[in-house]
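Peer 1: Structure, please.
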Amino acid sequence: MDAVLLDNGAWRVKAGLGGDASQLEPGLTAPNCCGKLKGHLGALAADEIDEVVRTQQLYFQRPADRGYVTDWGLEFDVWARVLGAPGLNASNLEQRTLYLTEAPLAPAPLQEYGLEMVFEEFCFGG
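Peer 2: I've put the predicted structure just below:
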């Protein structure tokens, strides 16, 4: 069974696909944040932040505080960008196993909400 590896750090998200060695592609590293350019309506997520040249016009929002995820809506946006077509382009998530890192000694409600998002929003198989 193929796997998705997701290291959800407070500063950067590192993701990659695992499985058959002949089909492996390089992983992806992206900022774990969302942002909005001043004067624009659209929001940017993950690797789109790296493409901004004039960062002084960028309003950042981070989903993590002190290593723990505090805004799961923003984290969903980042993971959707990383796992979706612009990032890893991981398809058939329900047939893949997810290996996800989390902060050590994370409170139980944070762990439960993270698992809920992984299985219900992204439909991972295991």
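Peer 1: quick one: contacts for residue 13?
Peer 2: Residue 13 makes contact with 6-7, 29-32, 46, 78-79, 82 under the criterion C-beta atoms under 8 Å, 6 or more residues apart in numbering. (Glycine included, C-beta is placed from N, CA and C.)
Peer 1: Quick check: mean pLDDT of stretch 4-20?
Peer 2: Computed over stretch 4-20, the mean pLDDT rounds to 85.
Peer 1: Flag every buried residue along it.
Peer 2: By neighbour count with 16 or more other C-beta atoms under 10 Å, stretch 4-20 contains the buried residues 4-8, 10, 13-18.
Peer 1: Enumerate every residue touching the residue nearest in space to the middle of the chain.
Peer 2: Per C-alpha atoms, centre = their mean, the C-alpha nearest to the average position across the chain is that of residue 79, at 2.7 Å. Under the criterion of C-beta under 8 Å, 6+ apart, the neighbours of residue 79 are 6, 8, 13, 117, 122.
Peer 1: so when I look at the first one, I'm seeing a helix, right?
Peer 2: No - according to DSSP: H, G, I helix; E, B strand; the rest coil, residue 6 belongs to no helix; its state is strand.
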